[in-house]
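Asker: here is my input; please provide its structure:
(chains A and B, ligands or ions: 2)
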Amino acid sequence: MRKVFDFHGGIHPPENKQQSLQTPIVKAGIPPLLVLPLSQHIGAPAVPAVAPGDRVLKGQLIGEARGFVSVPLHAPTSGTIEAVEERQIAHPSGHRAPCIVIRSDGLDEWIECRGIEDYTTLDKSDLLQRIRNAGIAGMGGAGFPSAVKLAVQPEKKISTLIINGTECEPYITADDALMRERAEQIVSGAMILRHLVEPEETLLGVEDNKPEAIATLLTAAQGTGLEVVSFPTKYPSGGEKQLIEILTGKQVPSGGLPADIGVVCQNMGSAAAIHDAVVLGRPLISRITTVTGDAIDQPQNFEVLLGTSMAYLLEKAGYRAERNNRLVMGGPMMGFTVPSPDVPVVKTTNCILAPSERELPTPPPAQACIRCGMCAEVCPASLLPQQMFWFAQGKEFDKLEQHNLFDCIECGACSYACPSNIPLVQYYRASKAEILQLRRDHEKSEHSRLRFEARQERLEREEREKAEKRAARKKAAEAKAKQGTANGEAEEDPIQAAIERAKAKKAAQQSAADAQGGSEGEREKLEKAVVSTRKRLDTAIAKLEQAQAEGSDLVEALQTGVDKTRLKLETAETALAALQNSSDSTTAESTSSTDAAQLAIEKAMAARAAEADLSPAEKARADLEKLEQRLEKSRAKLAQSRDAGDEEKIIEALEATVERLAGKVEQARQQLQQAESA
Amino acid sequence: MALMRVTSPHAHGPMSTQRVMQSVLLATVPGIIVLTHFFGFGTLVNILWGCVVALSCEALALKLRGRPLGFYLKDCSALVTAFLLCIALPPYSPWWLIAVGIASSILLAKHFYGGMGYNPFNPAMVGYVVLLISFPVQMTAWAPPRGVGELPGLMEALQACFVPATFDAVTLATPLDVMRQNSSLLVEDLWSQSPQFGRWAGIGWEWVNIAFLAGGCWLLYQRIFTWHAPVAMLASIALLAAIFNDAGSSASGGSPLFHLLSGATMFGAFFIVTDPVTSAVSLRGRLVYGALIGVLVYVIRVRGNYPDAVAFAVLIMNFAAPFIDHYTQPRTYGHEKSGGGS
Ligand code: SF4
Ligand code: SF4
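Answerer: Numbers count the residues shown, from 1 in each chain, chains lettered A, B, ... in the order given. Ligands and ions are numbered 1, 2, ... in the order given. All right, here's what the predicted structure looks like:
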């Protein structure tokens, strides 16, 4: 017998499993209408691949996976697509969500399925793709896409593959029934998983309150090298982290993944579904769901087509609505209540619990916490629930985090044990949500602060550069002026200079346009970055959601991951937007100014041609006149600028122009005198 | 029936605060029987009168604070306080002494701080210390046990409580007093010369302690509290007593067994130190908390001037409990180190 370990805390609530194990699994049949939420898993919702009016076959793809952490969706029976619309779904928040509605035709006509005889001949990535295409998501509760979990990074050596058949929650017997009746399927699925993951050992973990299941599994696993391990019954031993500790004695580091300590976990139901997907080529379109509770006349396990409404199942099992006080999807410890029975069964629906008031009474009002510590005694995460409750009441979020609130798996053991009936888990959930919200807000304000600072810095830098340039220009101008007076040389022809200048400008624009071409490339790069970051963000959010749903202690780490990625995305997006803006404006500007430069060149050339006809004296006079006009204009401008209190730089520039023009006017006068005297 | 929307978990365990309190009350019964056997009806009368005062005070406080009476009275916490304080008081205490003590416990120590669950100090011990400081004479007047002195009857016990002026109290120093005051005799001689001593400790006291030990063990079995604080306290008392026993010389503080079975040792260990509200919360914290109380009890017993030390030791450690909590946070799943001290 293999050594198993214990984990801290835990409780022994009444199991209430016998009720639903009296009969074998029953096929629930084909309901007239199937409602399939596009999101039955953690991660991005599937994208509809069909439109209203389409006829679909059983097993046909009706929703495509979007992104890495996502799974496709298939038609559970043949029929017609009636609608793609928002419907009430089973979700803790009572949300409506997009669903594909199929009206079944009762023919139950399969699409052609092709299984593989020998999956070992298949490339591993193909095998993984098959699992992914079959739409398999963790069937134990959280619904994490199985293929994602199996796609472990090659550098992480997996020592242990665990198939989780613990089913520690009271009332639920879906896995138990599956193991009793379809052990071969599970074992086959487990072997496919083993082939994929290549662990040193593969363990099928089952609580010791399921002797029949253990017996059939042992028989089915004979000679396969798979090891069936049973361990003492205690809630919540089926929690992934707890099961890992039980079987390996190791703890998953806070914020880490099981793969970090060389473990991969899959659920029994998922193993069976993987067998169907690989060997039979059938996608995931049905599951085993326990329907039980005192308000049910014949509690039992059904094989249900996904999308079947809870009401349909309840009726099959003999539902006594008048006896029922709440309708729970999942078990009594971690399940959530649904607003009405008109919600569909999804991939994660392992149980529908319809208890009577006597069975699960309305919680009495909470009394004061007497700090008895019973909550801490049972906490599987070794937290101090009473302290966290205290801090949660006072909204002392720092203290809450210091007490590792985010390691709480929301198993409910503390609430169960609390003699004062305090709904502890509710406080933790609310606090977690609040802290996450605060973090997001903080992240946002931090982001805008950084942006503001960056802008401020840029402005300062620009200012500095301008000042330097100005100083340099002034120096150059001074040197030139000195040179000019020293040589007494005539300046180059102003018109030629204008042409030169215009040409230079045009060249500059050309190069700017070239540069813009370069920025075209950059834009592409940025766009790519944005897309990939967005993808990564989706993945991260999906992971986060899963973690939150599982109450996993990854939440914190994932949140930071998500926040970081989001920040990156935003940066990339703003960069892209900025680039687009700037390139747009440069294009506009450059076209107009290119034209302007062209015009100036032409004008100057025309003026030159006209001048050629004039006598030297006339020419000199004309020059002088022009120059005098320009000088006048410049002076006026300078005065105006001074009055307006324009920037120093502008005034300086104008002053320089005025000086230069004055000098030129002087020269022109001399030239005119020379010309006239000549 | 309309479907209820509530959050998980939907199932709840069998434990209730009321049941916790009732179990504690029940567990004091053997101790009360033995006390009554050895010291007469005094303790019983104390308790009866104490309960009346406690319920009145509780009701008054709840009314003043605008809380629903029924909901809060049924948690039985006021009765527990009354039982614990009245067991600790000398039998045949006058009615006003009990009334002042209970009022201090319930009004001052509990409701002034916000009621059940919010009090940093053990209410019964606050009441006890208030009385000890205000009325030292009455508080040190222990009747002699059966076999040493005459036991008053039930009528006399009632008379002692309600018309104290007419009651002629007979008192005798407790074994702990005798042991502390001794400076010249070998323990062996002290034992033979003083009528108070029995087989392992004081006559009557040893059985009273054993009875409370039994009640405590039953509570442990019922999982009302964990073993950590009481065992740590008893262990540290025994250890210190063993170190300073000095082989029974005149300087001896008394043997470990003597200390374990004297005064309020067992009562304190299982009924006072285990008060969840005012103790440390984590298991490691409770070990530290209990052990330090044990140390204080021993030191105050041997060096101090009070008849017993449990009340002072507990109140002092009530002060320290938040610090202990801070440094003894348990190691959370998946973490390398415990979170304390940061
Ligand atoms: S179990 Fe309830 S009453 Fe006891 S310490 Fe925890 S929260 Fe407080
Ligand atoms: S819900 Fe959280 S705090 Fe409560 S027992 Fe479970 S892990 Fe511990």
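Asker: how near is residue A:221 to chain B?
Answerer: 30 Å (Cβ to the nearest Cβ, to the nearest Å). For the C-beta atoms, the positions are set from N, CA and C on the backbone; glycine is no exception.
Asker: ok, that residue touching residue A:187?
Answerer: Yes - between residue A:221 and residue A:187 a contact is recorded at 5.2 Å, counting by Cβ atoms under 8 Å.
Asker: neighbour count: these two, which is higher?
Answerer: Under the neighbour definition other Cβ atoms under 10 Å in any protein chain shown, residue A:221 and residue A:187 were set side by side, and residue A:187 has more, 26 against 20.
Asker: just confirm the more buried one is within a strand.
Answerer: No - Residue A:187: not assigned to a strand; according to DSSP: H, G, I helix; E, B strand; the rest coil it is helix.
Asker: that one touches residue A:223, doesn't it?
Answerer: No - the criterion here is Cβ under 8 Å, and residue A:187 misses it with residue A:223 at 10.2 Å.
Asker: which SSE is immediately downstream of the worst-scoring helix or strand of chain A on mean pLDDT?
Answerer: Ranked by mean pLDDT, DSSP states H and E, the helix or strand of chain A with the weakest confidence is helix A:555-612, at a mean of 62. Using DSSP states H and E, the next helix or strand after helix A:555-612 towards the C-terminus is helix A:616-644.
Asker: which parts of that following helix are buried?
Answerer: Buried residues in helix A:616-644, defined by neighbour count with 16 or more other Cβ atoms under 10 Å in any protein chain shown: A:617, A:619-624, A:626-628, A:630-631, A:634-635, A:637-638, A:641.
Asker: now do stretch A:127-139
Answerer: A:127, A:128, A:130, A:131, A:132, A:133, A:134, A:135, A:136, A:137, A:138, A:139.
Asker: can you flag which of those belong to strands?
Answerer: Per DSSP state E, strands hold no members of those.
Asker: can you put those in a markdown table and add distance to residue B:91?
Answerer: Supplementary listing: the buried residues of stretch A:127-139 in a markdown table, determined by distance: Cβ to Cβ, whole Å:
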| residue | distance to residue B:91 |
| --- | --- |
| A:127 | 82 |
| A:128 | 80 |
| A:130 | 83 |
| A:131 | 77 |
| A:132 | 79 |
| A:133 | 83 |
| A:134 | 79 |
| A:135 | 77 |
| A:136 | 74 |
| A:137 | 70 |
| A:138 | 66 |
| A:139 | 67 |
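Asker: elements contacting the helix or strand harbouring residue A:447?
Answerer: Here residue A:447, judged by DSSP H and E, is contained in helix A:424-487. Helix A:424-487 sits against helix A:385-393, helix A:397-402, helix A:413-417, helix A:555-612, helix A:648-677, with contacts defined as 3 or more Cβ pairs under 8 Å, 6 or more residues apart in numbering or on different chains; DSSP states H and E.
Asker: so how far is the first one from its chain's centroid?
Answerer: Translated: helix A:385-393. 31 Å (Cα atoms, centre = their mean, to the nearest Å).
Asker: with the third one instead?
Answerer: With Cα atoms, centre = their mean as the basis, the distance from the averaged C-alpha position of helix A:413-417 to the chain average is 33 Å.
Asker: name the helices or strands packed onto that helix?
Answerer: Helix A:413-417 packs on helix A:374-378, helix A:424-487, going by 3+ Cβ pairs under 8 Å, 6+ apart.
Asker: now with 10 Å, please.
Answerer: Packing partners of helix A:413-417 (3 or more Cβ pairs under 10 Å, 6 or more residues apart in numbering or on different chains; DSSP states H and E): helix A:374-378, helix A:385-393, helix A:424-487.
Asker: tally of neighbours for residue 58?
Answerer: Using chain A here. The burial count for residue A:58: 22, using other Cβ under 10 Å.
Asker: chain B was what I was after
Answerer: Neighbours of residue B:58 using other Cβ under 10 Å come to 26.
Asker: before we move on, which element is it in?
Answerer: Here residue B:58 is assigned to helix B:42-64, by DSSP H and E.
Asker: report the residue ranges of every domain in the chain.
Answerer: In the absence of a named chain, this looks at chain A. Following automatic domain parsing, one gets these domains for chain A: A:18-353, A:378-475, A:494-605, A:616-677.
Asker: ah, no, chain B please
Answerer: Following automatic domain parsing, one gets these domains for chain B: B:15-172, B:173-327.
Asker: how about the last one, does it reach chain A?
Answerer: Yes - judged by Cβ under 10 Å from any Cβ of the partner chain, domain B:173-327 comes into contact with chain A at B:223-226, B:228, B:274-283, B:285-286, B:321, B:325-326.
Asker: if any of those are buried, put those into a PyMOL selection.
Answerer: Only the buried members of these end up in this PyMOL selection, burial being decided by 16+ other Cβ under 10 Å:
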select buried, chain B and resi 224+225+226+228+274+275+276+277+278+279+280+281+282+283+285+286+321+325
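Asker: among the residues of domain B:173-327 next to chain A, which lie within helices?
Answerer: B:228, B:283, B:285, B:286, B:321, B:325, B:326 (DSSP state H).
Asker: export those as JSON lines, with columns for pLDDT.
Answerer: Output for these, formatted as JSON lines (pLDDT from 0 to 100):
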{"residue": "B:228", "pLDDT": "92"}
{"residue": "B:283", "pLDDT": "87"}
{"residue": "B:285", "pLDDT": "91"}
{"residue": "B:286", "pLDDT": "92"}
{"residue": "B:321", "pLDDT": "89"}
{"residue": "B:325", "pLDDT": "86"}
{"residue": "B:326", "pLDDT": "85"}
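Asker: got CSV for these, with distance to residue A:242 too?
Answerer: Output for those, formatted as CSV (distance: Cβ to Cβ, whole Å):
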residue, distance to residue A:242
B:228, 24
B:283, 19
B:285, 24
B:286, 24
B:321, 30
B:325, 26
B:326, 28
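Asker: and the furthest pair within those residues?
Answerer: Farthest-apart pair in those is B:228 and B:326; separation 17.5 Å (Cβ to Cβ).
Asker: what sits against the residue nearest to residue A:353 when sequence neighbours are not counted?
Answerer: Once flanking residues are discounted, residue A:353 sits nearest to residue A:328: 4.1 Å by Cβ to Cβ, 6 or more residues apart in numbering or on different chains. Residues near residue A:328 by Cβ atoms under 10 Å, 6 or more residues apart in numbering or on different chains: A:171, A:293, A:334-338, A:351-355, A:360, B:3-4, B:6, B:8, B:10.
Asker: next, count neighbours for the nearest residue to residue A:251 once chain neighbours are set aside.
Answerer: Of all residues not flanking residue A:251 in the chain, residue B:334 sits nearest, at 4.9 Å (Cβ to Cβ, 6+ apart). For residue B:334, the neighbour count with other Cβ under 10 Å is 22.
Asker: secondary structure class for residue B:78?
Answerer: Strictly by three-state DSSP, residue B:78 counts as helix.
Asker: ok now do the spatially closest residue to it that is not a sequence neighbour, which residues does it touch?
Answerer: Closest residue to residue B:78 apart from its sequence neighbours, by Cβ to Cβ, 6+ apart: residue B:58 at 3.9 Å. Taking Cβ under 10 Å, 6+ apart as the criterion, residue B:58 is in contact with B:69, B:72-73, B:75, B:77-79, B:81-82, B:102, B:106-107, B:110-111, B:115-116.
Asker: so which of the residues you listed belong to helices?
Answerer: B:69, B:72, B:73, B:77, B:78, B:79, B:81, B:82, B:102.
Asker: ChimeraX command to pick out the buried ones of those?
Answerer: Here is the ChimeraX command that selects the buried residues among the ones in helices among the contacts of residue B:58 (16+ other Cβ under 10 Å):
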select /B:72,73,77,78,79,81,82,102
